[in-house]
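K.L.:
sequence-free structure coming up:
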């Protein structure tokens, strides 16, 4: 028996969703066999029917259905304690929750303002109108307007990354000598940027850059196993 | 035999230094008997002679001298593994390093711009000229100029605290059901503000407020065992 994971899929097999990457890497870390089911934004009906909520990733383990990447990580740790630990102990799990929330609330917002106008082109053409409409409603402006000052947001993003740069100058991974779930949470942000826009958001040669290289080499390079940012803008822009 | 801790002392026995609070609470958590030696900024000669560097806290354990609050926490955990854990496992220790660096780099800077002109009055009058001169050199302006827009910095500080508010809405402590070293690091910031300036930086009734109340009640209320912010400005302003 293996676990089934529903994960977001984009244009021509791309996997640019940060939340799905956290779970993909957590499952690889736990060495759990997985059957992946790619889902589009348009598959919302299927997702709601399965899990009673709208978001992926979702993990199905026998008769249990778990949604939300954090809940999934906690579930995997509790259910498979004999497999490699995602948190390195109870303290690691609790403190990682702050890291998870910090990453979501401090790193995501500036990155959205750098990448969302570009990100559209990573999505299946059939998902673009939904993405544009929902994100433009959040921003209160068009994606192109929201992303019209990338330099300002890149500076804010780099400022928010300062604690990472300093920590990773001292230790190879946030988890120490090897990665833990905190690394997967934070890496998912950089994976999102790397696959979802043409802008490089990490300074070459920085501690963060070297850590990202280490993360990319994990689990037979799974983080590099899907197509990168599209070379050409193809199909509708969702308007 | 007990450990000796050198900690910063201010005006009439006050203890407003955040770094010393981290170590004081870590030692209480480890249930280690401590002999406290209060030191002033003016005691730099003694400190350098003891530890070959300029800062407190310093811990002396037999013939070992350890400086830097983070190093002290790691030392205590490694040296006294049978006593209550400060990190809740190896993962907790590593991930707490990011929390420590995040706290220092994201919470301290805006708080300095709220409180430093007031903070002067918590210091021994003989330390004020040193404090003013060194901090004004860092800011490139007078303490009064640096702290002339408290509203702007309070807004930035509250923004930086958003991940704490959300996390502490979910769990009683950053360490889970009971506090860990991450709690002491972050609490030291609020203790600094609470004892070091008259401005309230936490919204009444927030999760952060309730957590601070819990922290204040730990270890027989040690965090409330010293005088609070002075009611009157007494003595020189260090100019």
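P.N.:
Received, thanks. Values in this document were obtained by computation on a predicted structure and should not be read as measured data.

K.L.:
so where's chain A uncertain?
P.N.:
A:1 (pLDDT under 70).

K.L.:
Would you tell me which residues of chain A are close to chain B?
P.N.:
A:85, A:87-99, A:101-102, A:105-106, A:162-164, A:166-167, A:170-171, A:173-176, A:180, A:182 (Cβ under 8 Å from any Cβ of the partner chain). In this view, the C-beta of every residue, glycine as well, is placed from N, C-alpha and C.

K.L.:
For the residue nearest to residue A:139 when sequence neighbours are not counted, grab the count of nearby residues.
P.N.:
Of all residues not flanking residue A:139 in the chain, residue A:146 sits nearest, at 4.3 Å (Cβ to Cβ, 6 or more residues apart in numbering or on different chains). Residue A:146 has 19 neighbouring residues, counting by other Cβ atoms under 10 Å in any protein chain shown.

K.L.:
Residue A:146 touches residue A:115, doesn't it?
P.N.:
No - using Cβ atoms under 8 Å, residue A:146 is not in contact with residue A:115, being 10.3 Å away.

K.L.:
if I look at residue A:191, how far off is chain B?
P.N.:
Separation of residue A:191 from chain B (Cβ to the nearest Cβ, to the nearest Å): 18 Å.

K.L.:
where's that residue, which helix or strand?
P.N.:
Using DSSP states H and E, residue A:191 sits in helix A:181-196.

K.L.:
elements contacting that helix?
P.N.:
helix A:18-29, helix A:90-102, helix A:108-119, helix A:207-216 (3 or more Cβ pairs under 8 Å, 6 or more residues apart in numbering or on different chains; DSSP states H and E).

K.L.:
Now residue A:157: closest residue in space that isn't a chain neighbour?
P.N.:
Using Cβ to Cβ, 6+ apart, the closest residue to residue A:157 is residue A:110 (4.1 Å).

K.L.:
re the thing from before, dump the residue contacts of the residue nearest to residue A:139.
P.N.:
With contact set as Cβ atoms under 8 Å, 6 or more residues apart in numbering or on different chains, residue A:146 has these partners: A:112, A:113, A:116, A:117, A:135, A:136, A:139.

K.L.:
Might you report the residue contacts of residue A:218?
P.N.:
Per Cβ under 8 Å, 6+ apart, neighbours of residue A:218: A:25, A:28, A:179.

K.L.:
would you list those residues in CSV and tack on neighbour count?
P.N.:
Below are the contacts of residue A:218 laid out as CSV (neighbours: other Cβ atoms under 10 Å in any protein chain shown):
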residue, neighbour count
A:25, 25
A:28, 17
A:179, 22
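
K.L.:
Sort out which one of these lies nearest residue B:79 for me.
P.N.:
Ranked by distance to residue B:79 (Cβ to Cβ), those are led by residue A:179 at 27.4 Å.

K.L.:
ok, now how distant is the residue nearest to residue A:139 from chain B?
P.N.:
Taken as Cβ to the nearest Cβ, the span from residue A:146 to chain B is 19 Å.

K.L.:
Tell me if residue A:7 really is in a helix.
P.N.:
No - checked against DSSP: H, G, I helix; E, B strand; the rest coil, residue A:7 lies outside a helix; its state is strand.

K.L.:
Does it touch residue A:56 like I think?
P.N.:
Yes - using Cβ under 8 Å, residue A:7 is in contact with residue A:56, at 5.7 Å.

K.L.:
Would you mind grabbing the residues shared as contacts by these two?
P.N.:
Common neighbours of residue A:7 and residue A:56 (Cβ under 8 Å, 6+ apart) are A:17, A:20, A:39.

K.L.:
wait, what's in contact with the second one?
P.N.:
Under the criterion of Cβ under 8 Å, 6+ apart, the neighbours of residue A:20 are A:5, A:7, A:8, A:56, A:57, A:69.

K.L.:
could I get those as JSON lines with distance to residue B:201 and neighbour count?
P.N.:
Listed next are the contacts of residue A:20 as JSON lines, based on distance: Cβ to Cβ, whole Å; neighbours: other Cβ atoms under 10 Å in any protein chain shown:
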{"residue": "A:5", "distance to residue B:201": "43", "neighbour count": "23"}
{"residue": "A:7", "distance to residue B:201": "41", "neighbour count": "20"}
{"residue": "A:8", "distance to residue B:201": "39", "neighbour count": "23"}
{"residue": "A:56", "distance to residue B:201": "39", "neighbour count": "28"}
{"residue": "A:57", "distance to residue B:201": "37", "neighbour count": "25"}
{"residue": "A:69", "distance to residue B:201": "32", "neighbour count": "28"}
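
K.L.:
of those residues, closest to residue A:235?
P.N.:
Nearest to residue A:235 among the contacts of residue A:20 is residue A:8, at 17.8 Å by Cβ to Cβ.

K.L.:
hey, what's that closest one bridged with?
P.N.:
residue A:39 (DSSP bridges).

K.L.:
okay but it is in contact with residue A:21, surely?
P.N.:
No - using Cβ under 8 Å, residue A:8 is not in contact with residue A:21; the gap is 9.5 Å.

K.L.:
so what's in contact with the two at the same time?
P.N.:
Common neighbours of residue A:8 and residue A:21 (Cβ under 8 Å, 6+ apart) are residue A:15.

K.L.:
okay, now the domains of chain A?
P.N.:
Domains of chain A are assigned by automatic domain parsing as A:3-79, A:90-224.

K.L.:
Residue B:62 is nearest to which of these?
P.N.:
domain A:90-224 (27.1 Å).

K.L.:
Start and end of the closest one, how far apart?
P.N.:
31 Å (Cα to Cα, to the nearest Å).

K.L.:
ok so residue A:42 is a helix residue?
P.N.:
Yes - secondary structure of residue A:42 (three-state DSSP): part of a helix.

K.L.:
any idea how far chain B is from it?
P.N.:
31 Å.

K.L.:
which residues touch that residue?
P.N.:
A:124, A:126, A:127, A:130.

K.L.:
Filter those down to the ones in strands?
P.N.:
Residues from the contacts of residue A:42 lying in strands, with DSSP state E as the criterion: none.

K.L.:
Filter the residues you listed down to just the buried residues.
P.N.:
Among these, those classed as buried by 16 or more other Cβ atoms under 10 Å in any protein chain shown are A:124, A:127.

K.L.:
by contact count, what packs against the helix or strand containing residue A:135?
P.N.:
Counting by DSSP H and E, the element that carries residue A:135 is helix A:128-139. In terms of contacts (3+ Cβ pairs under 8 Å, 6+ apart), helix A:128-139 is packed against helix A:108-119, helix A:143-146.
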